[in-house]
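[1] what's the 3D shape of this:
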Amino acid sequence: MKLPKVIENLIESFQKLPGIGPKTAQRLTFYLLNVPQSQLDYFAESLSNLKRKTVFCSVCKNITEVDPCPVCSDSSRNRKVIMVVEQPLDLIAFEKTGKFKGLYHVLHGRISPLENIGPDEIFVDDLLKRISSQ
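    Numbering: from 1, shown residues only. So this is what the prediction gives:
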């Protein structure tokens, strides 16, 4: 049976997300067909605003709505200690513990010669400039 093009397009879009295969993409699509329109509108607006209303913090490269981010703006943080993390999710995990009181620097990746990812593809230069200016 041929599905409507709009459904096929959404299934294909979901499949482009990491960890989402064809079956899960179909399940998500058909689930969304059954949610109230207001919930679907909110979901669509959230997706639309994801890149429009977020930026990289100019200091630490975390994802934020304000620049500098709340962590970099917090005067109670220990500015002599910078934890370097691979992804924003790593920063979130450390923040949830409430134990680390320093600053962060988010690389947004890791050096991987096998995948042709070198220092130029992640925020290493920004980290080096940041360290040398302090």
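[2] now do the lengthiest helix in the chain, average pLDDT.
    Using DSSP state H to define each element, the chain has its longest helix at helix 37-52. Averaging pLDDT along helix 37-52 gives 97.
[3] name the residues that touch that helix?
    Residues from elsewhere that reach helix 37-52 (Cβ atoms under 8 Å, 6 or more residues apart in numbering): 32, 35. For every residue, glycine as well, the C-beta is placed using N, CA and C.
[4] contacting residues around the longest strand seen in the chain?
    In the chain, taking DSSP state E as the definition, the longest strand is strand 78-85. Here strand 78-85 makes contact (Cβ under 8 Å, 6+ apart) with 91, 94, 100-107, 127, 130-131, 134.
[5] what about it, distance to the chain center?
    With Cα atoms, centre = their mean, to the nearest Å as the basis, strand 78-85 stands 20 Å off its chain's centre.
[6] next, the angle from whichever helix or strand comes after that strand to strand 78-85.
    Remark: after strand 78-85, the chain's next helix or strand is helix 88-97, criterion DSSP states H and E. Calculated by axes from the mean of the first three to the mean of the last three Cα atoms, to 10 degrees, helix 88-97 forms an angle of 130 degrees with strand 78-85.
[7] now find how far off-centre helix 88-97 is within its chain.
    Relative to the centre of its chain, helix 88-97 is centred 12 Å away, using Cα atoms, centre = their mean.
[8] check which residues of the longest strand of the chain are buried.
    Going by neighbour count (16 or more other Cβ atoms under 10 Å), the buried part of strand 78-85 is 82, 85.
[9] give me the sheet partners of that strand and which way each runs.
    strand 102-106 (parallel) (DSSP bridges).
[10] what residues sit buried inside the following helix or strand past the strand it pairs with?
    Past strand 102-106, further along toward the C-terminus, the next helix or strand under DSSP H and E is helix 124-132. With burial defined by 16+ other Cβ under 10 Å, the residues of helix 124-132 counted as buried are 124, 126-127, 130.
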